[in-house]
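# just coords:
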């Protein structure tokens, strides 16, 4: 287990990728030198419509958006998690995925996670209908990776509502779970914090959730409330609505005590049902 400083960026991204990249770099410039890992929200590099996502989607390891983040990671000597961006599917080059990419401090891609759960819902808000499955091919694999601050399990936004995924990440040794998000204001006000705290408590992991905030396009409004929760379910830090970062120290060695006190993994009677996810794991280790 490791300790280290991490920064969670809260953004108001839109359809201008240059502006989005500049917003990320502006926040990174203001971070203490002690920060080793930076997390950005869902849609960090592009928050637009289906046609734009398809047009801007990149092949893994190739493209101007990935090049820009790779250069930024090297320039500031940081690991950077892009909460999500549109990527060409590994399985079907005619489809795209909503993908979280982790870059190391040398600008290399260390891990990829394609969003598994598609946000296909009808809400009583300004937009009303959300149909991610029309845009994206859903992911099939879980991802856990070693980082300078601990072992990281990767999720994206709507995944937060599915505890089995988080349990599978814990089974693969996750100490920290990232939840980059663009939660709607309607659902965020009711469910965001309770869900984050529940997933942290259930799995005795840090849950780090960088979020989008504000208005994106004509009707999309996001909740913000970037949040860091420890393995006991305590909210360590929160950013309600500012386009700014929060910085905190992660002490994964603190997890061992609570995991010994309450042995949830050992006591879980439904562990065999997690096997199908874990067999498809794309775990990455340094």
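The structure has been received and is ready for your questions. Not measured: the values here are computed from a predicted model.
# and the closest residue to residue 32 other than its chain neighbours, helix, strand or coil?
Leaving aside its sequence neighbours, residue 32 sits nearest to residue 247 (C-beta to C-beta, 6 or more residues apart in numbering; 6.4 Å). (Each C-beta comes from the backbone N, C-alpha and C, glycine too.) When classified by DSSP: H, G, I helix; E, B strand; the rest coil, residue 247 comes out as strand.
# Contact partners for residue 247?
Residues in contact with residue 247 (C-beta atoms under 8 Å, 6 or more residues apart in numbering) are 5, 6, 7, 31, 32, 35.
# what sits opposite it in the beta ladder?
For residue 247, the beta-bridge partners under DSSP bridges are residue 7.
# And the pLDDT at residue 5?
Here, the pLDDT recorded for residue 5 equals 98.
# same thing with residue 17?
Listed pLDDT for residue 17 reads 98.
# what about the helices in the stretch 101-250 of the chain?
Listed in chain order, the helices of the stretch 101-250 of the chain (DSSP state H, counting those that start in this stretch) span 132-135, 163-171, 185-187, 193-203.
# Deepest-packed of those, please.
Most buried of the helices of the stretch 101-250 of the chain, by mean neighbour count (mean count of other C-beta atoms under 10 Å): helix 163-171, with a mean of 21.
# Give me the helices and strands touching it, please.
When contacts are defined as 3 or more C-beta pairs under 8 Å, 6 or more residues apart in numbering; DSSP states H and E, helix 163-171 sits against strand 150-154, helix 193-203, helix 275-279.
# if you set the cut-off to 7 Å instead, what comes out?
helix 193-203, helix 275-279 (3 or more C-beta pairs under 7 Å, 6 or more residues apart in numbering; DSSP states H and E).
# Which positions in stretch 15-23 come out as buried?
17, 20, 21, 23 (16 or more other C-beta atoms under 10 Å).
# no wait, stretch 40-59
The neighbour-count check on stretch 40-59 (16+ other C-beta under 10 Å) flags 40-48, 53, 56-58 as buried.
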